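# mind looking at a prediction? Sequence and model below.
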Amino acid sequence: MAKKKATKKAVSKKVAKKKVAKKAAKKKVAKKKATKKVAKKATKKKVAKKAAKKKVAKKATKKKVVKKATKKKVAKKATKKKVAKKATKKVAKKAKKVAKKATKQVKKVVKKATQKVSKDQGVDKKALFNSILELIKNTSTVIPDDVQKVILEGLAREEKNTTAEYAMNIITNNIEIAKKKIQPLCQDTGTIIFYVDVPKGFVQSDFTKICHKAVVKATEMGYLRQNSVDSLTGENKGMNIGPGHPSIHFHEHNKKTIDMRLMLKAGGCENVGAQYAMPYNELGAGRDLAGVRKVILDAVQKAQGKGCGPGVLGVCIGGDRGAGYTHSKEQLFRKLDDTNEVEVLADLEKDIVETANKLGIGPMGFGGKTTLMGCKIGTLNRLPASYYVSISYMCWAFRRQGVALKNDGSINKWLY
């Protein structure tokens, strides 16, 4: 019994030991499993970390690649722009060259056409230049025959040993010296006014250029004083060229030749010109020839000797203010010994001269019998509301001359 009990104990002990061993083995397996799990987790983390690093590296590489690609793209774009710019420059240069060539060809064609027109007109530019220069020289230095005749008549009219006779003698001596020495009749060579009658199709711009050159040359040679002043700055460039200087008026006529007239109108006589708006109540002058007579004589009375008398009047009845003054100047191109075609105006012209010479103003305002040498009157249509009488005064140094030109531009004959 005791042996049986001991054997039972030993078996229980063995079973317990087996149980403990089995438990220990289970713990070992569990520990091993846990270790493997931790190792696996660690490996996973490592792998994930490595993968993340690879991802970051891949991303960075991608960025680098994209950056490089962008740089390449920008560089390519810049190169393209450079090439385009270069190409544009080339095109522009080529276009400029083509345009220049085209302009040259156009100029050549225009020049050829202008030469053809000139040839058709038969005008030689050098001959025309010389003719204008000669016209300026003669106008400035020589009194026309019709004016000289009236001045000598005025001298003969004045009483001996009077201031009037003395003044007329100085005038005639001045005329002789100027002609002999080829020097201006007066120090003030005046406004240069050309009236040019030209055939149909005449190139006015060419004439103007030649005319300007002749004026400059005449100024250099001393036939014209340096007379043209900028009205705003007061500058005098010494060439007599500028806006309105010289004043050139072109008129087309039916002839194939050119008739050219020149007037040199000084400042002293220009200053005593006058314009009256009729009726002029101050003188009781109405809108009729009697009223016109009153205002013309009033202008003579007011001028006294300030216009370098004896003078000549150019008068326009009608027109507007501008046209009236222009037309009054045009009357001064008429010869002093001509007769107005309109009878009432011819009578008025004669009456004005005779009456003015009885006013006692005389040469230079010194008293005497020669106040006026002539009066020339023209008319223009007017508006019902307006009635102007415009008066241009010309001094004794009545410098106006004209030439008829041959077809080649050289002088055919003198008009005065």
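Okay, I see it.
# buried ones in stretch 131-148?
Within stretch 131-148, the residues that count as buried by 16 or more other C-beta atoms under 10 Å are 131-144, 146-148. C-beta coordinates here come from the backbone N, C-alpha and C atoms, glycine included.
# now what about that stretch, what contacts it?
The contact list for stretch 131-148 (C-beta atoms under 8 Å, 6 or more residues apart in numbering) reads 151, 175, 178-179, 182-185, 189, 192, 210-211, 214-215, 217-218, 221, 223-224, 260, 262-264, 335-337, 373, 397-403, 405, 409-411, 414, 416.
# go ahead and list the helix or strand containing Lys179.
helix 163-181 (DSSP states H and E).
# give me the buried positions along that helix.
Of all the residues in helix 163-181, those buried under the rule 16+ other C-beta under 10 Å are 163-165, 167-168, 171-172, 174-175, 178.
# quick revisit: among the buried residues of stretch 131-148, which are in helices?
Those of those mapping onto helices are 131-141, 146-148, per DSSP state H.
# go through those residues and say which is closest to Ala346.
Distance to Ala346, by C-beta to C-beta, is smallest for Asp146 among these, at 16.6 Å.
# re earlier: closest one to Val342 out of the ones in helices among the buried residues of stretch 131-148, please.
Using C-beta to C-beta, Asp146 is the member of those that sits closest to Val342, with 20.4 Å.
# and that closest one, how far is that from Ser386?
Distance, Asp146 to Ser386, using C-beta to C-beta, to the nearest Å: 34 Å.
# kindly report the same for Lys19.
Taken as C-beta to C-beta, the span from Lys19 to Ser386 is 149 Å.
# what about these two, which has more around it?
Higher neighbour count among Lys19 and Ser386: Ser386, with 14 against 10, using other C-beta atoms under 10 Å.
# residues contacting the more buried one?
Counting by C-beta under 8 Å, 6+ apart, Ser386 has contacts 277, 320.
# make it 7 Å
Taking C-beta atoms under 7 Å, 6 or more residues apart in numbering as the contact definition, Ser386 lies against Asp320.
# and Cys375, what element?
Going by DSSP H and E, Cys375 is in strand 372-380.
# tell me which residues of that strand come out buried.
Neighbour-count burial for strand 372-380 [16+ other C-beta under 10 Å]: 372-378, 380.
# can you pick out the most distant pair from the residues you listed?
Met373 and Leu380 (24.3 Å).
# so what does the helix holding Lys179 touch, helix or strand wise?
Contacts defined by 3 or more C-beta pairs under 7 Å, 6 or more residues apart in numbering; DSSP states H and E place helix 163-181 against helix 145-157.
# can you give me the helices for the stretch 251-400 of the chain?
267-271, 289-303, 321-330, 343-356 (DSSP state H, counting those that start in this stretch).
# nearest to Val123, of those?
helix 321-330 (25.0 Å).
# and the closest one, how far from the chain's centre?
25 Å (C-alpha atoms, centre = their mean, to the nearest Å).
# just checking, what packs against whichever strand or helix holds Phe207?
In this assignment (DSSP H and E), Phe207 forms part of helix 204-220. In terms of contacts (3+ C-beta pairs under 7 Å, 6+ apart), helix 204-220 is packed against helix 125-141, strand 191-198, strand 247-252.
# any idea of the mean pLDDT for the first one?
Rounded to a whole number, the mean pLDDT of helix 125-141 is 98.
# dump it to CSV, restricted to CA.
Once non-C-alpha atoms are left out, helix 125-141 reads as follows in CSV (Å, rounded to 0.1, in the frame of the first residue of the first chain):
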residue,chain,number,x,y,z
LYS,A,125,17.0,125.9,-113.8
LYS,A,126,20.3,127.8,-114.0
ALA,A,127,18.9,130.2,-116.6
LEU,A,128,15.8,130.8,-114.4
PHE,A,129,18.0,131.4,-111.3
ASN,A,130,20.1,133.9,-113.2
SER,A,131,16.9,135.7,-114.5
ILE,A,132,15.4,136.0,-111.0
LEU,A,133,18.8,137.3,-109.6
GLU,A,134,18.9,139.8,-112.4
LEU,A,135,15.3,140.9,-111.8
ILE,A,136,16.1,141.4,-108.0
LYS,A,137,19.3,143.4,-108.8
ASN,A,138,17.5,145.7,-111.3
THR,A,139,14.4,146.2,-109.1
SER,A,140,16.6,147.2,-106.2
THR,A,141,19.0,149.5,-108.0
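# partners of the helix or strand harbouring Lys413, with directions?
Here Lys413, judged by DSSP H and E, is contained in strand 411-414. Partners of strand 411-414 in the sheet, by DSSP bridges, are strand 399-405 (antiparallel).
# need the CA coordinates for the strand it pairs with. PDB is fine.
Taking C-alpha atoms only, strand 399-405 is exported to PDB below (Å, rounded to 0.1, in the frame of the first residue of the first chain):
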ATOM      1  CA  ARG A 399      10.900 149.600-106.900                       C
ATOM      2  CA  ARG A 400       8.800 147.400-109.100                       C
ATOM      3  CA  GLN A 401      10.100 145.700-112.200                       C
ATOM      4  CA  GLY A 402       9.100 142.700-114.400                       C
ATOM      5  CA  VAL A 403      10.400 140.400-117.100                       C
ATOM      6  CA  ALA A 404       8.900 138.100-119.700                       C
ATOM      7  CA  LEU A 405      10.900 134.900-119.900                       C
END
